[in-house]
Structure formats: structure tokens, C-alpha cells
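Enquirer: Okay, sequence plus prediction incoming.
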Amino acid sequence: MIVPLTHLLILASILFALGLLCVLIWRSNVIMMLIGIEIMLNAAMLVFVAGSNHWGMADGQVFALMIMAMTSAEVSLALAMVVYLHRRKKTVNVDEFRELRDQ
């Protein structure tokens, strides 16, 4: 069964909107922001794979693999930062980290 490109684009746009909504609503929680960013990157990956399938070229699938590698590196670094900040401040609330800015 072949899924039409428009259905995949609609699904990807819904996923991207949900990820953006997650980032905008839970701006105070670092972990929820990371989850929202991951959802948006997965939506972009879905568009690359759908376009690759539609046009019969493997370029989109290669980009999807690159996005997977980038997101795994981003998640590992971001979670290490979250663990460090949680140990330092005992919270993951972004508002508590305002003093860490450059002055």
C-alpha cells in the first residue's frame, strides 16, 4: 500500500505544529523543550523520506540518516546539560537558570 505524498505532508505538518506548540507552551521546562525539538526534527525527517520516495531518489533518506545522527548527538549533549543543571540547582525550570547568562 502506497501512502500519497499529500497525506505524509499533512502528517508531517501536524507533527511539526505539535512540536512547536510543545516548545512554546512548556518553555519553562528544559526536558519538554527537548521533546518538542525532537518531534519537529522527526517531522522534517518524515518530509525528507516522503519526498525521497515520491521522486524515487535516495537523497532524502540520506538526509534522514544525517538528521538521526545529529539528533542523537543533540540529545546526548542536552541531557548531559540537564543532569548537570539539575545537580547544581535541583530543578529543570528554565527560569532558575537566568543568572547563568553572560552579563
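Expert: Thanks, I have the structure now. Numbers count the residues shown, from 1 in each chain.
Enquirer: Run through the chain and note the low-pLDDT ranges.
Expert: Scanning the chain with the threshold set as pLDDT under 70 gives 1, 97, 99-103.
Enquirer: Show me which helix runs longest in it.
Expert: Ranked by number of residues, the top helix in the chain under DSSP state H is helix 59-89.
Enquirer: Give me the buried positions along it.
Expert: Neighbour-count burial for helix 59-89 flags 60, 63-64, 67, 71, 78, 85 (criterion: 16 or more other C-beta atoms under 10 Å). C-beta coordinates here come from the backbone N, C-alpha and C atoms, glycine included.
Enquirer: likewise stretch 2-19?
Expert: Buried residues in stretch 2-19, counting neighbours by 16+ other C-beta under 10 Å, are found at 8-9, 12, 15-16, 19.
Enquirer: residues making contact with it?
Expert: Here stretch 2-19 makes contact (C-beta atoms under 8 Å, 6 or more residues apart in numbering) with 36-44, 46-47, 50-51, 54.
Enquirer: and these as JSON lines, adding neighbour count, distance to Lys89 and secondary structure?
Expert: Shown next, in JSON lines, are the contacts of stretch 2-19 (neighbours: other C-beta atoms under 10 Å; distance: C-beta to C-beta, whole Å; DSSP: H, G, I helix; E, B strand; the rest coil):
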{"residue": "Gly36", "neighbour count": "21", "distance to Lys89": "22", "secondary structure": "helix"}
{"residue": "Ile37", "neighbour count": "18", "distance to Lys89": "21", "secondary structure": "helix"}
{"residue": "Glu38", "neighbour count": "16", "distance to Lys89": "23", "secondary structure": "helix"}
{"residue": "Ile39", "neighbour count": "18", "distance to Lys89": "26", "secondary structure": "helix"}
{"residue": "Met40", "neighbour count": "19", "distance to Lys89": "27", "secondary structure": "helix"}
{"residue": "Leu41", "neighbour count": "19", "distance to Lys89": "27", "secondary structure": "helix"}
{"residue": "Asn42", "neighbour count": "18", "distance to Lys89": "30", "secondary structure": "helix"}
{"residue": "Ala43", "neighbour count": "20", "distance to Lys89": "32", "secondary structure": "helix"}
{"residue": "Ala44", "neighbour count": "16", "distance to Lys89": "32", "secondary structure": "helix"}
{"residue": "Leu46", "neighbour count": "19", "distance to Lys89": "36", "secondary structure": "helix"}
{"residue": "Val47", "neighbour count": "21", "distance to Lys89": "37", "secondary structure": "helix"}
{"residue": "Ala50", "neighbour count": "21", "distance to Lys89": "42", "secondary structure": "helix"}
{"residue": "Gly51", "neighbour count": "17", "distance to Lys89": "43", "secondary structure": "helix"}
{"residue": "His54", "neighbour count": "14", "distance to Lys89": "47", "secondary structure": "helix"}
